[in-house]
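Novice: Quick one, what's the 3D model for this:
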Amino acid sequence: MISAHLRPSLPELTRGGSKGKAVEENKPSWFPIKKSELPQFVSMSVMMFLFIYVYTTVRDTKDTLVVSNCGAESIPFLKMWGVMPSAFIFIIVYSKLSQILGKQALFYATLMPFFAFYTIFAFILFPNRDLIHFVQEASNSGTTGAAVNLIRYWSFSLYFIVSELWASAGVPLLFWQVANDITTVSQAKRFYPLFAVFGNFAPIVSGRIMSFLVSRQSPDESGFGTTLKRLAVFKGGSGIAIAVLYQIIYREARRVAKLEEVQTFVKKVNEIKQGGVQLVEFKINMKKKAEPAKQKPTLTESVAELSRSKELRSIAIMVLGYNVCVELTEVLWKGILRKTHPTESSYMNFMASFSQKVGVIALVLQLTASIVIQKLGWTNASQLTPLAMLALAIPFFLTVALSKRNPEVVPLSAALTIGTWQNIINKIFKYSLFDPLKEMAYIPMGPDAKSKGKAAIDVMGSRLGRSLAAASQQILVLVSGNILECAPYLAGLYFGTITLWIQAVKVLGEMFDKEKIADERDAKFGNISIRTKRN
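Specialist: Numbers count the residues shown, from 1 in each chain. Predicted coordinates:
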């Protein structure tokens, strides 16, 4: 309890500062960014744009290289035997580096090798492809031929693997790690949904640039190599820009954090003066001798510690749950799509229309996501994604089962329509709510959870979730003989996964409630801290 002789001195703390603005109330808005936060928000948005621009460019390039030279049937083989082992190795190396390097050095050590590889590939490996590839080997047909071609064109396979790793290490790991490190929970509710809005412009810009470069390339065999070099220059420039933005973002974050600390403290003291809250503790923390730096835990100790975190387990269940559910409905939906649109042209036209719907609806939801999160709070907003997916998954599975038994009453086209909208819901809720809310969950956690734990969940979580769902489907297909016959069993798996997902959200919601209470009661300025409670 504060002593009586300290009470009169409290007004002195706000002298000269009471005229300043207190922390602004966060009113729900489609663009709820304060003027003081704009530099930080804009820098983060540009960084996300650059990460997604590079991802879009390498995604289109890797598919072109592998499909054109090794065949489309080689991609599943490459993902299983190339990407999965590489992802495990990446996690181990990343965790080891985190034991040795500081936060900034770890960011650069993870970022720069990707851009170094893309530069080496464009200027050295691809121009000398005839010398380094095993062109004398003959390819066979089928799975064996796909494996042979992947070895034969090993540099293209390596490009595919590195690009798949970038898909997991770029935005999911590096960008969100920075965002979670410098953003408070209250800021994240306003910032994160809008990051996706600005990030969505990156594929458009990437497509424009790529189309322009391809239109200007020479028609002979060297034309594609020239385009690769030009794209590598753009990617290299993006990498340098990301490195510079990293410095700008952290400098701006320190400035904003100091400003908000002062504003929060002044607001709290003013509340005490006005009688809105009761002061229960007042401390002046004297400076202590700097303690020696603690030795970083070993990789084994970190893994053991992280495995005991119920919050990390809950995030892992959310990521696994989303990917299992998407795989369970997506494969079934694509099976129906093949039956109703058997030709390549009709299939492509349908998918083009599907992508347009996703883009337009996702943009609308992303613009309103900040309002949704601020109105509902983290827990309720996080439950919207599984509940919305389930709301359309139930009629989808039901119509598939009925169409198999009585196609005259329930045509397969009805199942296709419901399945299409269910898959649209999957994607737009992921981009607008699931990803931003999942990233917010890392903010109150410790540094190990934000680095090693996040790396394991983001790099392997989605792949493991898809693999679990695929394995379940393969077993059911072996038993029933057809994926459409499996609809009732897939529905059971789907419902069970959604239940586990919602339980994980509730566990994380308890953590956010504690964080909210702490935010409301504590304030500090320099070496002075106060604790209050409402009257």
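Novice: How are the helices of the stretch 351-500 of the chain distributed by residue range?
Specialist: 412-429, 435-440, 447-448, 454-480, 487-521 (DSSP state H, counting those that start in this stretch).
Novice: Now tabulate these in TSV and tack on mean neighbour count.
Specialist: All C-beta atoms are positioned from the backbone trio N, CA, C, and that covers glycine. Output for the helices of the stretch 351-500 of the chain, formatted as TSV (neighbours: other C-beta atoms under 10 Å):
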stretch	mean neighbour count
helix 412-429	20
helix 435-440	24
helix 447-448	16
helix 454-480	18
helix 487-521	17
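Novice: wait, which of those helices is closest to residue 309?
Specialist: Evaluated with C-beta to C-beta, those place helix 447-448 nearest to residue 309, the distance being 9.0 Å.
Novice: That closest one: how far from the chain's middle?
Specialist: 18 Å (C-alpha atoms, centre = their mean, to the nearest Å).
Novice: Average pLDDT for that helix, rounded please.
Specialist: The predicted model assigns helix 447-448 a mean pLDDT of 76.
Novice: by contact count, what packs against that helix?
Specialist: Packed against helix 447-448, as judged by 3 or more C-beta pairs under 8 Å, 6 or more residues apart in numbering; DSSP states H and E, are the following elements: helix 299-307.
Novice: Follow the chain on from the helix it packs on and name the next helix or strand.
Specialist: Once helix 299-307 ends, the next helix or strand along the chain (criterion: DSSP states H and E) is helix 310-340.
Novice: Quick check: buried residues in that next one?
Specialist: Residues 311-333, 336-337 are the ones in helix 310-340 that count as buried (16 or more other C-beta atoms under 10 Å).
Novice: circling back to that earlier point, for the helices of the stretch 351-500 of the chain, give me TSV that also has distance to residue 82.
Specialist: TSV is the format used below for these (distance: least, C-beta to C-beta, whole Å):
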stretch	distance to residue 82
helix 412-429	26
helix 435-440	26
helix 447-448	29
helix 454-480	12
helix 487-521	28
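Novice: Out of these, flag the one nearest residue 198.
Specialist: Between residue 198 and the helices of the stretch 351-500 of the chain, the tightest spacing by C-beta to C-beta is seen for helix 435-440, at 12.8 Å.
Novice: which residues sit against the closest one?
Specialist: For helix 435-440, contacts defined as C-beta atoms under 8 Å, 6 or more residues apart in numbering pick out 176, 179-180, 185, 188-189, 192-193, 195-196, 315, 318-319, 369, 373, 378, 381-382, 385, 512.
Novice: what do you get for stretch 358-367?
Specialist: Residues lying outside stretch 358-367 but in contact with it, judged by C-beta under 8 Å, 6+ apart, are 30, 193-194, 196-197, 200, 424, 427-429, 431-433.
Novice: Which elements pack onto the host helix or strand of residue 236?
Specialist: In this structure, residue 236 sits in helix 222-274 according to DSSP H and E. If you count contacts as 3+ C-beta pairs under 8 Å, 6+ apart, helix 222-274 packs onto helix 10-13, helix 38-70, helix 103-120, helix 176-182, helix 201-216, strand 277-284, strand 522-525, strand 528-534.
Novice: can you list these in JSON lines and add distance to residue 399, mean pLDDT and mean neighbour count?
Specialist: Output for the helices and strands packed on helix 222-274, formatted as JSON lines (distance: least, C-beta to C-beta, whole Å; pLDDT from 0 to 100; neighbours: other C-beta atoms under 10 Å):
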{"stretch": "helix 10-13", "distance to residue 399": "66", "mean pLDDT": "38", "mean neighbour count": "14"}
{"stretch": "helix 38-70", "distance to residue 399": "33", "mean pLDDT": "84", "mean neighbour count": "20"}
{"stretch": "helix 103-120", "distance to residue 399": "44", "mean pLDDT": "94", "mean neighbour count": "16"}
{"stretch": "helix 176-182", "distance to residue 399": "37", "mean pLDDT": "88", "mean neighbour count": "21"}
{"stretch": "helix 201-216", "distance to residue 399": "32", "mean pLDDT": "78", "mean neighbour count": "14"}
{"stretch": "strand 277-284", "distance to residue 399": "56", "mean pLDDT": "54", "mean neighbour count": "14"}
{"stretch": "strand 522-525", "distance to residue 399": "53", "mean pLDDT": "52", "mean neighbour count": "17"}
{"stretch": "strand 528-534", "distance to residue 399": "52", "mean pLDDT": "53", "mean neighbour count": "15"}
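Novice: possible to save the contacts of stretch 358-367 as JSON lines with distance to residue 503 and pLDDT?
Specialist: As requested, these are exported to JSON lines (distance: C-beta to C-beta, whole Å; pLDDT from 0 to 100):
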{"residue": "30", "distance to residue 503": "32", "pLDDT": "64"}
{"residue": "193", "distance to residue 503": "24", "pLDDT": "80"}
{"residue": "194", "distance to residue 503": "29", "pLDDT": "83"}
{"residue": "196", "distance to residue 503": "26", "pLDDT": "78"}
{"residue": "197", "distance to residue 503": "31", "pLDDT": "79"}
{"residue": "200", "distance to residue 503": "32", "pLDDT": "75"}
{"residue": "424", "distance to residue 503": "26", "pLDDT": "86"}
{"residue": "427", "distance to residue 503": "24", "pLDDT": "82"}
{"residue": "428", "distance to residue 503": "24", "pLDDT": "84"}
{"residue": "429", "distance to residue 503": "19", "pLDDT": "89"}
{"residue": "431", "distance to residue 503": "24", "pLDDT": "80"}
{"residue": "432", "distance to residue 503": "23", "pLDDT": "83"}
{"residue": "433", "distance to residue 503": "18", "pLDDT": "88"}
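Novice: Dihedrals phi and psi, the residue most central in space within the chain?
Specialist: Using C-alpha atoms, centre = their mean, the residue of the chain that lies closest to the mean C-alpha position is residue 172, 3.8 Å off. As for residue 172, its main-chain torsions (degrees, to the nearest 10) stand at phi -60, psi -40.
Novice: closest to residue 495 out of the helices and strands packed on helix 222-274?
Specialist: If you check each of the helices and strands packed on helix 222-274 against residue 495 by C-beta to C-beta, helix 176-182 wins as the nearest, at 29.7 Å.
Novice: Quick check: which helices or strands does the closest one pack against?
Specialist: helix 38-70, helix 103-120, helix 185-199, helix 222-274, helix 435-440, helix 454-480.
Novice: run the last query once more with 7 Å
Specialist: The elements that helix 176-182 packs onto, with contact taken as 3 or more C-beta pairs under 7 Å, 6 or more residues apart in numbering; DSSP states H and E, are helix 222-274, helix 435-440.
Novice: Show which residues not belonging to it make contact with it.
Specialist: For helix 176-182, contacts defined as C-beta atoms under 7 Å, 6 or more residues apart in numbering pick out 44, 246, 249-250, 253, 439, 442-443, 450-451, 454.
Novice: swap in stretch 115-128?
Specialist: 58, 132, 155, 159, 162, 225, 228-229, 232, 235-236, 239.
Novice: how about 10 Å then?
Specialist: When contacts are defined by C-beta atoms under 10 Å, 6 or more residues apart in numbering, stretch 115-128 is touched by residues 54, 57-58, 61, 65, 129, 131-133, 154-156, 158-159, 162-163, 165-166, 222, 224-233, 235-240, 242-243.
Novice: how about that stretch as PDB, C-alpha atoms only?
Specialist: Output in PDB follows, covering the C-alpha atoms of stretch 115-128 (Å, rounded to 0.1, in the frame of the first residue of the first chain):
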ATOM      1  CA  PHE A 115      18.400 -14.800 -52.100                       C
ATOM      2  CA  ALA A 116      22.000 -16.000 -52.500                       C
ATOM      3  CA  PHE A 117      20.700 -19.300 -53.900                       C
ATOM      4  CA  TYR A 118      18.200 -17.600 -56.300                       C
ATOM      5  CA  THR A 119      21.100 -15.400 -57.600                       C
ATOM      6  CA  ILE A 120      23.400 -18.300 -58.000                       C
ATOM      7  CA  PHE A 121      20.700 -20.300 -59.800                       C
ATOM      8  CA  ALA A 122      19.900 -17.600 -62.300                       C
ATOM      9  CA  PHE A 123      23.500 -16.500 -63.100                       C
ATOM     10  CA  ILE A 124      25.400 -19.800 -62.800                       C
ATOM     11  CA  LEU A 125      23.300 -23.000 -62.500                       C
ATOM     12  CA  PHE A 126      20.700 -22.400 -65.200                       C
ATOM     13  CA  PRO A 127      23.100 -21.000 -67.900                       C
ATOM     14  CA  ASN A 128      25.200 -24.200 -67.400                       C
END
